[in-house]
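K.L.:
quick check, what structure comes out for this input:
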Amino acid sequence: MNKNIYIIETNDDLLSIKDKINDRNKIFLLSSDFNFEEIKINKDLKFYDEKLIGKKSLFLSNQIHNIYSAFFKSCLNTSNKSSYNPGMVFQGSIRILLCTLLKYDFFIKNELLKGDKIYVSPNANKFFLSVLNDYRTKHGLQYSIIKTINQIEDINNKFIGKISFDKDGRFRNLSSINFKNKFSHNLFNLLFKLIKI
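P.N.:
Next up, the predicted model:
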């Protein structure tokens, strides 16, 4: 018998679908933004990555290491060793994002490709939705957005200065760091030229 699968992001999402918590439905939690007492009481609530243990965890870790190592090596293998490679700056962000995306991929392959009806919170992490849409395109995976949950803007982000971070460390957004002031932009260009010498 196929079950309904609910994928939710926050404790407020969980409270919105509280009537769905029973043994006929599977409810997966995408973040740590939940009341852990509620999770202890309800055995039907599962974290999306809780089956990622033992050999599966080691396999995923090796995948992350291999992809990340290939990226790191390609950053170092430039034809001109004295040239600045901006890819090196984003290594940490790429590792965080890679880990997040591969965990989402593992979850979708192991839990969602079974013909169940899938319902996703409108507050789900944008990278999760991106991977889910990729599976929709490549494998015909169908899902619906839960209409009884209100969408909250920037639910995943915490801000430190101008940099936004996901509160669970699934990604960080460095795009808000830009040089609007021409003086500071020119100063940084000059510094980079001096560093190259």
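
K.L.:
for D116, give its distance to S144.
P.N.:
D116 sits 12 Å away from S144, going by CB to CB, to the nearest Å. For the C-beta atoms, the positions are set from N, CA and C on the backbone; glycine is no exception.

K.L.:
comparing those two, which residue is more hemmed in?
P.N.:
More crowded of D116 and S144, by other CB atoms under 10 Å: D116, with 16 against 9.

K.L.:
where do the helices of the chain begin and end?
P.N.:
Per DSSP state H, the chain carries helices over the ranges 11-16, 36-41, 54-76, 91-107, 126-139, 182-196.

K.L.:
of all these, which one is nearest F28?
P.N.:
helix 91-107 (7.4 Å; CB to CB).

K.L.:
now do that closest one: which elements does it pack against?
P.N.:
helix 54-76, helix 126-139 (3 or more CB pairs under 8 Å, 6 or more residues apart in numbering; DSSP states H and E).

K.L.:
okay, angle between it and helix 54-76 too, please.
P.N.:
Following axes from the mean of the first three to the mean of the last three CA atoms, to 10 degrees, one obtains 150 degrees for the angle between helix 91-107 and helix 54-76.

K.L.:
could you number the chain from 12 rather than 1 from now on?
P.N.:
Happy to do that; since the first residue is 12 now, the last one works out to helix 102-118.

K.L.:
would you mind writing the CA trace of helix 102-118 as CSV?
P.N.:
Provided in CSV are the C-alpha atoms of helix 102-118 (Å, rounded to 0.1, in the frame of the first residue of the first chain):
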residue,chain,number,x,y,z
GLN,A,102,36.1,25.8,-1.6
GLY,A,103,34.3,25.9,1.7
SER,A,104,31.0,27.0,0.2
ILE,A,105,31.3,24.3,-2.5
ARG,A,106,32.0,21.6,0.1
ILE,A,107,28.9,22.6,2.2
LEU,A,108,26.7,22.8,-0.9
LEU,A,109,28.0,19.5,-2.3
CYS,A,110,27.3,17.7,1.0
THR,A,111,23.8,19.1,1.2
LEU,A,112,23.0,18.2,-2.5
LEU,A,113,24.3,14.7,-2.2
LYS,A,114,22.3,14.0,1.0
TYR,A,115,19.2,15.3,-0.7
ASP,A,116,19.9,13.1,-3.7
PHE,A,117,20.4,10.0,-1.4
PHE,A,118,17.1,10.8,0.3
